[in-house]
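*Asks:* Okay, structure incoming, though there's no sequence with it:
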Ligand SMILES: Nc1ncnc2c1ncn2[C@@H]1O[C@H](COP(=O)(O)OP(=O)(O)OP(=O)(O)O)[C@@H](O)[C@H]1O
Ligand SMILES: [Mg+2]
């Protein structure tokens, strides 16, 4: 058996619809660069999003809302994603689709409430007693299992931690050893242990090892200064939902059935309104005393026209609350009925009183030239080769249907090209593709023409 030539089985990154979007592509002055960060055109909407990003960073936007409107495939979802990327990982961003609120198990407003709280971050700074250093020793101590059999159990683990000042040996509980293995710490890593809770946090790899390999996705940190045992300011980023979930107790009474169901479904917890109120109180106290800082993040509700009257009423109220995130909506609907109302018609399917609170950003349809450039970016990301002529043809398809449909045709066309032994997509492949797959408009037209052949009721 040959081993040295076996190819790696790690999958290539999946190409999702928005992988080419890498931010908003703005310059320092906030103006949109014509083609940057995966973006082509749509300048004003990108600039508007940039202003929103600044407002969020300066915390001037909490409790406000933004609405992206525009025709299908004009980049509304992509804009929200760009905003998330510009905000970075320190600001919570919670994306959802309107229809997610419809579930048999959970109330609609409960789904919204949970996502609201996922979008509100809390940065907690605490001065904690810790042991910090580079691991220079990690020896589990085993004894024969007392419960019989041949197994051995780990009774304790000796860990040596080194700092610039010295080294200290700690004898730790096996549960901490488990936690260390979960964090995948090994010799040469810098970690800290919280003295009270015993929780382990891996800081990174000690930079003494930095030159081992050139190419590595590893964070190198210097050998800690000071003593191993010390007080350290620890910054923790959590969302309100994290706090809710961590403090919720499994529901149920003390009878045997509910005890059983607790064991079977250990994760099933109930977050009650009362619990949330209590958490809010604690959070407010933390904020007042300066231990914690509120980081209002973004709740993104795509396809907002899928929400109904009840949800909109909830949103109206929730936006007013003290702990509110920034809410960004997106929709491609024009004037249409509001779901769950008795036939009330409103712009974008959103009741006027909510609409009144929103800043609205419009995305405009693309010219065929822009279509071609966007499709070229996509082809590049998907590693699909196309000649100029077929790219132009695909741009036209985008004009006739939507940009999304045109982009979708690329992959099947590439498969068809491959079947005939070519790497590059030609116009013939596209035509074959269009013969095989219908776009929504063509399909609707066919339905009309052959209405009598279909079952309609
Ligand atoms: N200006 C642009 N530059 C680069 N890529 C774009 C641009 N606009 C849209 N796209 C890409 O085109 C595709 C469709 O865009 P997107 O899904 O954001 O549309 P949408 O406005 O959300 O449509 P819908 O209303 O149907 O949800 C995505 O792959 C998106 O990344
Ligand atoms: Mg969308």
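*Replies:* Cool, the structure landed. Just so it is clear, the structure is predicted and the values come from calculations on it, not from any experiment. Numbers count the residues shown, from 1 in each chain. Ligands and ions are numbered 1, 2, ... in the order given.
*Asks:* Would you pull up the residue in this protein closest to ligand 1?
*Replies:* Residue nearest to ligand 1 within the chain: residue 75 (2.8 Å; Cβ to the nearest ligand atom). From N, CA and C alone the C-beta is placed, and that goes for glycine too.
*Asks:* That residue and residue 68, how far apart?
*Replies:* Counting by Cβ to Cβ, to the nearest Å, the gap from residue 75 to residue 68 is 9 Å.
*Asks:* which residues do those two both contact?
*Replies:* Counting by Cβ atoms under 8 Å, 6 or more residues apart in numbering, the residues touching both residue 75 and residue 68 are 45, 363.
*Asks:* Show me the helices in the stretch 351-457 of the chain, by range?
*Replies:* Using DSSP state H, counting those that start in this stretch, the helices of the stretch 351-457 of the chain run over 352-355, 368-381, 388-400, 403-419, 427-436, 440-449.
*Asks:* could I get the ones you listed as CSV with mean neighbour count, mean pLDDT and distance to residue 79?
*Replies:* Shown next, in CSV, are the helices of the stretch 351-457 of the chain (neighbours: other Cβ atoms under 10 Å; pLDDT from 0 to 100; distance: least, Cβ to Cβ, whole Å):
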stretch, mean neighbour count, mean pLDDT, distance to residue 79
helix 352-355, 15, 89, 19
helix 368-381, 19, 87, 14
helix 388-400, 18, 86, 18
helix 403-419, 19, 87, 14
helix 427-436, 17, 86, 29
helix 440-449, 11, 85, 23
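*Asks:* could I get those as a markdown table with distance to residue 112?
*Replies:* Converted to a markdown table, the helices of the stretch 351-457 of the chain look like this (distance: least, Cβ to Cβ, whole Å):
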| stretch | distance to residue 112 |
| --- | --- |
| helix 352-355 | 13 |
| helix 368-381 | 33 |
| helix 388-400 | 35 |
| helix 403-419 | 27 |
| helix 427-436 | 41 |
| helix 440-449 | 30 |
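*Asks:* The longest strand belonging to the chain - contacts with which helices or strands?
*Replies:* Counting residues, the longest strand in the chain under DSSP state E turns out to be strand 120-144. Packed against strand 120-144, as judged by 3 or more Cβ pairs under 8 Å, 6 or more residues apart in numbering; DSSP states H and E, are the following elements: strand 152-162, strand 167-172, helix 174-182, strand 189-194, strand 229-239, helix 240-247, helix 273-288, strand 292-296.
*Asks:* Looking at the longest one now, give me its mean pLDDT.
*Replies:* Think helix 273-288. Average pLDDT, helix 273-288: 86.
*Asks:* Near ligand 1, which residues of the stretch 351-457 of the chain? Just list them.
*Replies:* Selection of the stretch 351-457 of the chain residues close to ligand 1 by Cβ under 6 Å from any ligand atom yields 363, 374, 377, 403, 404, 407.
*Asks:* how about a cut-off of 8 Å?
*Replies:* Within the stretch 351-457 of the chain, the positions near ligand 1 by Cβ under 8 Å from any ligand atom are 363, 366, 370, 373, 374, 377, 378, 402, 403, 404, 407.
*Asks:* List the residues that contact the closest residue to the first one other than its chain neighbours.
*Replies:* If I follow you right, that is residue 363. Distance criterion Cβ to Cβ, 6 or more residues apart in numbering; nearest residue to residue 363, sequence neighbours excluded, is residue 70 at 3.2 Å. By Cβ under 8 Å, 6+ apart, residue 70 lies in contact with 45, 76, 332, 362, 363, 364, 365.
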